[in-house]
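Starting from these lines, generate the structure:
(2 chains)
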Amino acid sequence: NAGVTQTPKFQVLKTGQSMTLQCAQDMNHEYMSWYRQDPGMGLRLIHYSVGAGITDQGEVPNGYNVSRSTTEDFPLRLLSAAPSQTSVYFCASSYSTGVPYGYTFGSGTRLTVV
Amino acid sequence: ILNVEQSPQSLHVQEGDSTNFTCSFPSSNFYALHWYRWETAKSPEALFVMTLNGDEKKKGRISATLNTKEGYSYLYIKGSQPEDSATYLCARNTGNQFYFGTGTSLTVIP
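Take a look at the predicted model:
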């Protein structure tokens, strides 16, 4: 099925470990982004990309890295996990930023850092 | 200031009632306003994208209006059904970034 695929769905990390959250879309969307969802707060943008080879920071980029080597994939790397990074992470893509299309969201990754 | 605010935070209505919620956002440098529907254990699903002052969008029993000059959008649900129970998010699109509100959680009581 077409859409945004996120893996894994659940993950538990120890403080200081690193890991990569995967995101792939098969809709040929230019724009991809990562959000985190925390209780009582709206979705907050971590990083985004407007095309292969181009990435930029969002509201809360510290502790995360991204790269966009292909149009389809936009992995999010946690460099050294901290308990403050316990959250639900959503990847979202959109056809373009030039025209205001809505997002297609992935199903989310629930991350716990202990 | 890029904050998007939504009210009320939560709402319980009886089946068949009509209801509405508000999204407020900074009116300067407006680009687009998005509404999403987010059911528990699922991903947010796009409802509307609104770009012009005075825009009205409709999808079935759900509609939305936009006032970019005063910085607000209303979402209306006519004749609420239990399947309308969800969190409704609005997001301000500045071109490259979306700023989401915390949502209005709607529960429709059969």
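
Residues of chain A that sit close to chain B?
A:33, A:35, A:40-45, A:48, A:50, A:56, A:58-59, A:90, A:97, A:100-108 (C-beta under 8 Å from any C-beta of the partner chain). Every residue, glycine included, has its C-beta placed from N, CA and C.

try 10 Å this time
Residues of chain A found near chain B, taking C-beta under 10 Å from any C-beta of the partner chain as the criterion, are A:3-4, A:6, A:31, A:33, A:35, A:37, A:39-45, A:48-50, A:56-59, A:90-92, A:94, A:97-108.

Please type out the PyMOL selection for whichever of these turn out to be buried.
In PyMOL, this line selects whichever of the residues of chain A next to chain B come out buried by 16 or more other C-beta atoms under 10 Å in any protein chain shown:
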select buried, chain A and resi 4+6+31+33+35+37+42+43+44+45+48+49+50+58+90+91+92+94+97+100+101+102+103+104+105+106+108
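
The chain: strands as residue ranges?
By default, I'm working from chain A. Using DSSP state E, the strands found in chain A span residues A:4-7, A:10-13, A:19-25, A:31-37, A:44-51, A:54-57, A:64-66, A:76-78, A:87-94, A:104-105, A:109-113.

You answered for a different chain; I wanted chain B.
Going by DSSP E, chain B shows strands at B:5-7, B:10-14, B:19-24, B:32-38, B:45-50, B:56-59, B:62-67, B:72-77, B:86-93, B:98-100, B:104-109.

what stretches of chain A score poorly on pLDDT?
Confidence mapping of chain A against pLDDT under 70 gives the ranges A:1, A:97-100.

try 90
Applying pLDDT under 90 to chain A flags the ranges A:1-2, A:39-42, A:95-103.

Grab the most central residue of it for me.
Centre of chain A computed as the mean C-alpha position; nearest residue by C-alpha atoms, centre = their mean is A:Trp34, 2.7 Å away.

measure it to chain B for me?
Separation of A:Trp34 from chain B (C-beta to the nearest C-beta, to the nearest Å) stands at 12 Å.

need the contact list for that residue.
The contact partners of A:Trp34, by C-beta atoms under 10 Å, 6 or more residues apart in numbering or on different chains, come to A:6, A:21, A:23, A:44-49, A:58, A:60-61, A:64, A:66, A:74-76, A:89-92, A:106, A:109.

Residues in a beta bridge with it, which ones?
Beta-bridge partners for A:Trp34, by DSSP bridges, are A:His47, A:Cys91.

Enumerate the residues of chain B near chain A.
Residues of chain B found near chain A (C-beta under 10 Å from any C-beta) are B:2-6, B:9, B:31-36, B:38, B:41-51, B:89-91, B:93-103.

Ranking helices and strands of chain B by mean pLDDT, which lands last?
None of the helices or strands of chain B scores lower by mean pLDDT, DSSP states H and E than strand B:98-100, at a mean of 89.

Partner strands of that strand and their direction?
strand B:86-93 (antiparallel).

So which bits of stretch B:89-97 are buried?
Across stretch B:89-97, burial judged by 16+ other C-beta under 10 Å covers B:89-93, B:97.

how long is it end to end?
15 Å (C-alpha to C-alpha, to the nearest Å).

quick one: average confidence on that stretch?
Stretch B:89-97 shows a mean pLDDT of 87 in the predicted model.

Please state the offset of it from the chain centre?
Taking C-alpha atoms, centre = their mean, to the nearest Å, one finds the center of stretch B:89-97 at 12 Å from the center of the full chain.

what about stretch B:37-44, start to end distance?
OK, stretch B:37-44 end separation, C-alpha to C-alpha: 6 Å.
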